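pasting the sequence and the predicted coordinates here, then a few questions.
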Amino acid sequence: MPARRAVSGSLRGISVSQAGQPEVAARRVSSLNDGEALLGFSSGLCSGRCFLYWLIFLSCLGGLLFGYDTGVISGASLLLKERFRLGAVELEAVVSSTILFAALGSLASGPINMRLGRRPTILLGSATFTLGALLMAASASFGTLVLGRVIVAVGLSSGTVPMFIAEVAPTAMRGKLVALNNVCIVSGQVLAGLVDGSFALVPAGWRYMLGLAAVPAVVQLVGMAFMPESPRWLLEQAPRRAVTSRDSPRFAEIAARRAAETRDCAETRDCAEMCSEVRPRCGREMGREGFGLQALQQLVGINTIMYYSTPILRQAFFSGAVSEEERAFVACGQLVGCIVGMLLIDRVGRRPLVLSSLALCALSLALQGGQRRPRRTQRSPAAPTFGWTTPIAAASSGAAQTTTRMSPIPWTVNSEIYPLSVRSLCVGIATATNWTVNFVVAASFLSLEQAMGAAATFWMYGAFAAAGLVWLWFALPETANKSLEEIEKLFERRS
């Protein structure tokens, strides 16, 4: 109680005793490392930076779960097809059911984030993911398997994790730390390939493939239970709830900084009227760029390549079987690309990274379509189906999977561009957009391939990448090395 009264008193002091000179407290906060100041990690059993990284590591386990689930179904699908005698429609249902319900779960995560906070949302996601993974592993029927996939989808808090990281990370490292979540996603896909290869010949190996996803979910569930809440969410909740020193010891200083950053706009009626006119246009621009980036990431077909990578490699490159270790090796190229993107995102900026990524993506998908164009020449059964040697084809596939990640830009930009008051809701809608387009692309891939041919399908994805490159060249501002509040002002000026 004394600590609660002390912090509550300091909060009241912001509006009373510090109202005349909020810039004093603001300068004090800005002189600190953002991540340490926001979370109050300047003292304790370990250094603030160490604790911050541990917190972000636990958060990024959500990315590992995301990547593992998208990758493991590719190898498991062949075993599931034999076990449950699945046709093309049933197999598409197993893959796309997770995507569809992840979109619905993302929409629900916005209000949950606003009401309960980032940490409880991540905990809820870990618990439901664990339940879904165990249910899939124990499935005795097609219906139970799909139900497990649906529950796993609800547990994919893919939008909450980048937002949480962006709110606790230092400004100079925010892009890199949010990108770490993408590295974990691809690491999960690599791990899924290795696990698929290890259990491909084991009786009922698909149970191990799907059930092992519960392990990192349990680690995240236990670890996040002892972690603090996002201080920016606490700041937004300050008028409606009491904040204790355990929540954020430097909460009052952060509130003072926000008061200093917004005081100019609140001092005059003309400026206030201008803000009321600008913000709707600003919000529409944020939505177009944030939601559009998420849709574009899926329209270039990266997750479809991951979902169906085993049959794609078998179709395009080899006449015989494709081992899961070879699929994991291709995913390693994608992992290298994500690591490079993580190291460059704060150094070179968001714009150069996403524009170059889309250019390479369009080129790579054009090559993918070219190597799938049927040849009329006769070939022996042991020869590659489409006439290109296996090493060149595999390298092209690796390039496609690396570049179509669009680096970590969509998740990074969406985690930082929205105002605090609507950030949870907007990130939820953006994540739902990602999953919805993901569902449409994944559910239609096999049908499009049969109707249009493999070459035309990949060329269509490449056309989306080229169109996205032109759009983002004119639409996307640079947000690197700016605080979340400065980014909000940047969009207001553009409007």
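On my side now, so go ahead. Numbers count the residues shown, from 1 in each chain.

buried sites along stretch 171-182?
For stretch 171-182, the buried set under the neighbour-count rule, 16 or more other CB atoms under 10 Å, comprises 171, 173, 174, 175, 176, 177, 178, 179, 180, 181, 182. Backbone N, C-alpha and C define where each C-beta goes, glycine included.

now the second one, nearest residue through space, not along the chain?
If you skip the residues right next to it in sequence, residue 173 has residue 346 as its closest partner in space, 6.4 Å away by CB to CB, 6 or more residues apart in numbering.

I'd say that neighbour and residue 482 touch.
No: if you go by CB atoms under 8 Å, residue 346 and residue 482 don't touch, sitting 10.9 Å apart.

helices or strands up against the helix or strand harbouring residue 469?
Per DSSP states H and E: residue 469 is located in helix 454-475. Using 3 or more CB pairs under 8 Å, 6 or more residues apart in numbering; DSSP states H and E, the elements in contact with helix 454-475 are helix 269-299, helix 350-371, helix 423-452.

list the contacts of that helix.
Here helix 454-475 makes contact (CB atoms under 8 Å, 6 or more residues apart in numbering) with 288-289, 292-293, 296, 299-301, 315-316, 351, 354-355, 358-359, 361-366, 368-370, 372-374, 404, 445, 448-449, 452.

tell me which residues of that helix are tucked away?
454-455, 457-462, 464-466, 468-469, 471-472.

now, among the residues you listed, which is nearest to residue 57?
Nearest to residue 57 among the buried residues of helix 454-475 is residue 472, at 30.7 Å by CB to CB.

for residue 155, which of the helices and strands packed on helix 454-475 is the nearest?
With CB to CB as the measure, helix 423-452 is the member of the helices and strands packed on helix 454-475 nearest residue 155 (13.0 Å).

quick one, that closest one and helix 454-475 angle?
150 degrees (axes from the mean of the first three to the mean of the last three CA atoms, to 10 degrees).

give me the mean pLDDT for helix 423-452.
Helix 423-452 carries an average pLDDT of 84.

what's that helix packed up against?
For helix 423-452, the elements it packs on are helix 88-116, helix 160-168, helix 269-299, helix 302-307, helix 409-416, helix 454-475, judged by 3+ CB pairs under 8 Å, 6+ apart.

between the ones you listed, which one is closest to residue 424.
Of all those, helix 88-116 sits nearest to residue 424, with 3.6 Å by CB to CB.

would you mind measuring from the closest residue in space to residue 104 that isn't next to it in sequence to residue 117?
Take residue 104 and drop its neighbours on the chain: the residue closest to it by CB to CB, 6+ apart is residue 432, 7.4 Å away. Residue 432 sits 20 Å away from residue 117, going by CB to CB, to the nearest Å.

now the longest helix along the chain and helix 423-452, what's the angle there?
Looking across the chain with DSSP state H, the single longest helix is helix 48-84. Between helix 48-84 and helix 423-452, the angle comes out at 30 degrees (the same axes, to 10 degrees).

residue 137 is in contact with residue 149, correct?
No: using CB under 8 Å, residue 149 makes no contact with residue 137, being 11.8 Å away.

between the two, which one's more packed in?
residue 149 (27 against 19; other CB atoms under 10 Å).

next, the buried residues of the host helix or strand of that one.
Using DSSP H and E, residue 149 falls within helix 142-154. Under the neighbour-count criterion of 16+ other CB under 10 Å, helix 142-154 has 142, 145, 146, 147, 148, 149, 150, 151, 152, 153, 154 buried.

what of stretch 53-67?
55, 56, 58, 59, 60, 61, 62, 63, 64, 65, 66, 67.

does the last one touch residue 186 like I think?
Yes: Residue 67 lies in contact with residue 186 (CB under 8 Å); the separation is 5.8 Å.

any low-confidence regions in the stretch 301-450 of the chain?
Residues of the stretch 301-450 of the chain that meet the criterion pLDDT under 70 lie in 302-331, 333, 374-407.

checking residue 175 next. Helix, strand or coil?
Following DSSP: H, G, I helix; E, B strand; the rest coil, the label given to residue 175 is helix.

thinking again about what came up before, return the closest of the buried residues of stretch 171-182 with respect to residue 235.
Looking across the buried residues of stretch 171-182 and measuring by CB to CB, the closest to residue 235 is residue 171, at 16.1 Å.

wait, that closest one sits on residue 482?
Yes: taking contacts as CB under 8 Å, residue 171 lies within contact range of residue 482: 7.0 Å.

re earlier: ok, residues contacting the helix holding residue 149?
Contacts of helix 142-154 (CB under 8 Å, 6+ apart): 69, 80, 84, 86, 90, 93-94, 97-102, 104-105, 125, 128-129, 131-139, 210, 213.
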